[in-house]
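Novice: Here you go, sequence then predicted model.
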Amino acid sequence: MFRFHITICACLLGGMLYAIPLSPELDKLEQHIAKISEDITQSVVHIKVDGSLNNKKFNSMGSGFVIDKTGLILTNHHVIDNSIKVLVKFNNDAREYEAKVIGSDEATDVALIQVNANEVKNLHPALLGKSKATKVGQWVLAVGNPYGLDRTVSFGIVSAKGRNMPQAPVLNDFIQTDAFIAPGSSGGPLLNMHGEVIGINSRGGSGLAFTIPIETALDVKEKLLKGGSIKRGFLGIQLMPLDLDMRKHLGISDTEGVLVTLVLKSSNFLGKLQPLDIIRKVNGIPLNAVEEKDVSVIIRRMSELPIGKDARIEILRKGKFLTIVGSVKERPPAEGKKWQSPMGFVLMEISDDLADRQQLEEKTGAYVSFIDNGSAAQQSQLRTGDVILNVDGKAIRSIDDAKEAFTANKKEYLLQVSRARAQFYLLLKP
């Protein structure tokens with residue numbers, strides 16, 4: 001790492017303003033960053049997607065980066081989701097190349113695509129590093145195509161590690177950075193000052209950006225290459241850490257265990273596990289969660305349990321040690337059935353998993369997962385995260401109900417909406 005001192009000053013001589021030259025250390029750093037930026041832009045690609053959702057065609061864009069000479073490219077699941085055709089454009093090449101989707105993993109937001117290496121000349125694989133060695137406070141570069149502006153490089157620091165977001169895939173531990181990431185940047189690389197890729201940029205906004213660790217992406221890549229899809233175990237329970245206050249309240253002296261807060265209706269442990277149970281071991285492996293990030297590690301570990309096999313769970317319930325046995329289910333998709341309205345919004349069915357992750361008060365209705373800028377939905381004050389309960393007096397219990405209600409070709413629709421424990425009405429005018 002470079003060490004330098006920055007002094008900002010200017011001299012006024014004869015009415016002219018003169019800048020002090022850069023110190024050798026700062027000049028060397030500047031050249032180093034420029035060299036990293038130049039090298040990585042040879043590996044970063046611009047991705048264009050022609051897709052279809054609910055029989056409606058759409059176009060979207062994103063980023064990706066080459067990881068080997070066979071033409072494999074890493075990007076985000078949400079970049080190529082629902083794609084019909086994926087086109088890739090390389091630096092200093094006016095042509096577009098069609099890419100094959102090898103596989104995609106919704107739970108980690110990682111996708112693997114591939115171009116024909118015989119058609120694309122001079123592939124430049126990125127240098128891959130290790131995010132685990134990265135420390136909070138270290139400098140990073142984010143590269144992508146925000147708003148379609150090819151190969152934009154932004155500079156920042158690692159703000160935090162091990163972040164989990166309620167609206168994000170539940171099996172990730174994001175790197176948080178303040179490097180600029182915007183629509184179109186998704187799928188691009190995050191690099192350290194050695195020019196090594198330490199993650200895939202997933203989402204950003206309002207000065208915050210979140211990146212998938214490269215170790216996660218490479219693990220998913222290997223599994224996708226073997227099978228094209230990934231299946232994970234699922235116990236169907238919600239957990240929270242045993243912090244000091246909770247341990248005192250429950251009369252627990254040690255930190256071993258993680259607290260059960262909810263057992264989903266779809267879980268094979270419904271009626272066996274209960275809220276306030278403390279899980280101490282799963283298949284003989286001790287579990288400890290003092291902070292929220294510890295819970296994320298446990299959830300990822302549980303996802304590796306073999307599907308269809310019994311899981312042996314040792315718990316502490318009201319001072320008594322018990323052993324609970326139940327079979328492991330397959331983790332359901334993070335997102336359920338969708339419908340894209342021509343009025344500029346996307347609705348999702350409310351599954352137990354979605355209600356759990358978004359902490360929804362309402363378990364019926366249709367969840368608003370996306371609002372298009374400038375659309376009729378935005379102008380009506382509909383927001384992402386709203387739950388539509390009723391349209392023109394008709395209760396909405398499914399996506400099919402919503403689709404039928406909104407295709408009535410009316411001049412306006414009266415919506416009953418639930419938002420943050422409040423209910424109100426909106427007029428939606430197409």
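Specialist: Yep, that arrived.

Novice: Only C-alpha atoms from now on, for both contacts and neighbour counts.
Specialist: OK.

Novice: Where does pLDDT dip in the stretch 51-200 of the chain?
Specialist: Along the stretch 51-200 of the chain, the model assigns pLDDT under 70 to residues 54-56, 165-170.

Novice: which residues in it form strands?
Specialist: Listed in chain order, the strands of the stretch 51-200 of the chain (DSSP state E, counting those that start in this stretch) span 56-66, 72-75, 83-89, 96-105, 110-114, 139-144, 152-163, 174-177, 189-191, 197-205.

Novice: Turn these into TSV, columns for mean neighbour count.
Specialist: Converted to TSV, those look like this (neighbours: other CA atoms under 10 Å):
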stretch	mean neighbour count
strand 56-66	21
strand 72-75	26
strand 83-89	19
strand 96-105	19
strand 110-114	25
strand 139-144	27
strand 152-163	18
strand 174-177	26
strand 189-191	29
strand 197-205	25
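
Novice: and of the ones you listed, who's closest to residue 295?
Specialist: Each of the strands of the stretch 51-200 of the chain has some distance to residue 295 by CA to CA; the shortest is strand 152-163, at 10.7 Å.

Novice: Provide a list of residues in contact with residue 244.
Specialist: residue 290 (CA atoms under 8 Å, 6 or more residues apart in numbering).

Novice: quick one, helices of the stretch 1-150 of the chain?
Specialist: In order along the chain, the stretch 1-150 of the chain carries the following helices (DSSP state H, counting those that start in this stretch): 24-40, 77-80.

Novice: weakest of those helices by average pLDDT?
Specialist: Of all the helices of the stretch 1-150 of the chain, helix 24-40 carries the lowest average pLDDT, namely a mean of 89.

Novice: just the angle between that one and strand 56-66, please?
Specialist: Taking axes from the mean of the first three to the mean of the last three CA atoms, to 10 degrees, one finds helix 24-40 and strand 56-66 inclined to each other by 130 degrees.

Novice: Helix 24-40: how far from the chain's middle?
Specialist: With CA atoms, centre = their mean, to the nearest Å as the basis, the distance from the averaged C-alpha position of helix 24-40 to the chain average is 30 Å.

Novice: Tell me the buried residues in it?
Specialist: Using 16 or more other CA atoms under 10 Å as the burial criterion, the residues of helix 24-40 that qualify are 26, 29, 32, 33, 36, 37, 40.

Novice: Quick check: bridge partners of residue 339?
Specialist: Beta-bridge partners of residue 339, counted by DSSP bridges, are residue 347.

Novice: didn't it look like it was pressed against residue 404?
Specialist: No - with contact defined as CA atoms under 8 Å, residue 339 does not count as touching residue 404 (10.9 Å).

Novice: Those two: which is more packed in?
Specialist: The residue with the greater number of neighbours, taking residue 339 and residue 404 and applying other CA atoms under 10 Å, is residue 339; the counts read 21 against 10.

Novice: could you measure the more buried one against residue 372, distance?
Specialist: Separation of residue 339 from residue 372 (CA to CA, to the nearest Å): 14 Å.

Novice: Check which helix or strand residue 378 maps to.
Specialist: Secondary structure assigned from DSSP states H and E places residue 378 in helix 376-379.

Novice: and that helix, average pLDDT?
Specialist: On average, the pLDDT along helix 376-379 is 89.

Novice: ok, and for the helix or strand that it is followed by, which residues are buried?
Specialist: For helix 376-379, the following helix or strand on the C-terminal side (DSSP H and E) is strand 387-391. By neighbour count, and taking 16+ other CA under 10 Å as the criterion, the buried residues in strand 387-391 are 387, 388, 389, 390, 391.

Novice: List the contacts of the last one.
Specialist: Read that as residue 391. For residue 391, the set of contacting residues under the criterion of CA under 8 Å, 6+ apart consists of 402, 405, 413, 414, 415, 416.

Novice: Now tabulate these in a markdown table and tack on secondary structure, neighbour count and distance to residue 358.
Specialist: Compiled in a markdown table, these are given as follows (DSSP: H, G, I helix; E, B strand; the rest coil; neighbours: other CA atoms under 10 Å; distance: CA to CA, whole Å):
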| residue | secondary structure | neighbour count | distance to residue 358 |
| --- | --- | --- | --- |
| 402 | helix | 24 | 20 |
| 405 | helix | 19 | 25 |
| 413 | strand | 18 | 26 |
| 414 | strand | 15 | 25 |
| 415 | strand | 20 | 21 |
| 416 | strand | 21 | 19 |
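
Novice: which one of these is nearest residue 224?
Specialist: Ranked by distance to residue 224 (CA to CA), the contacts of residue 391 are led by residue 402 at 34.7 Å.

Novice: Skipping adjacent residues, who's closest to that closest one in space?
Specialist: With sequence-adjacent residues excluded and distances taken as CA to CA, 6 or more residues apart in numbering, residue 402 is closest to residue 396, at 5.9 Å.

Novice: How much space separates the one you found from residue 58?
Specialist: To residue 58, residue 396 is 26 Å away according to CA to CA.
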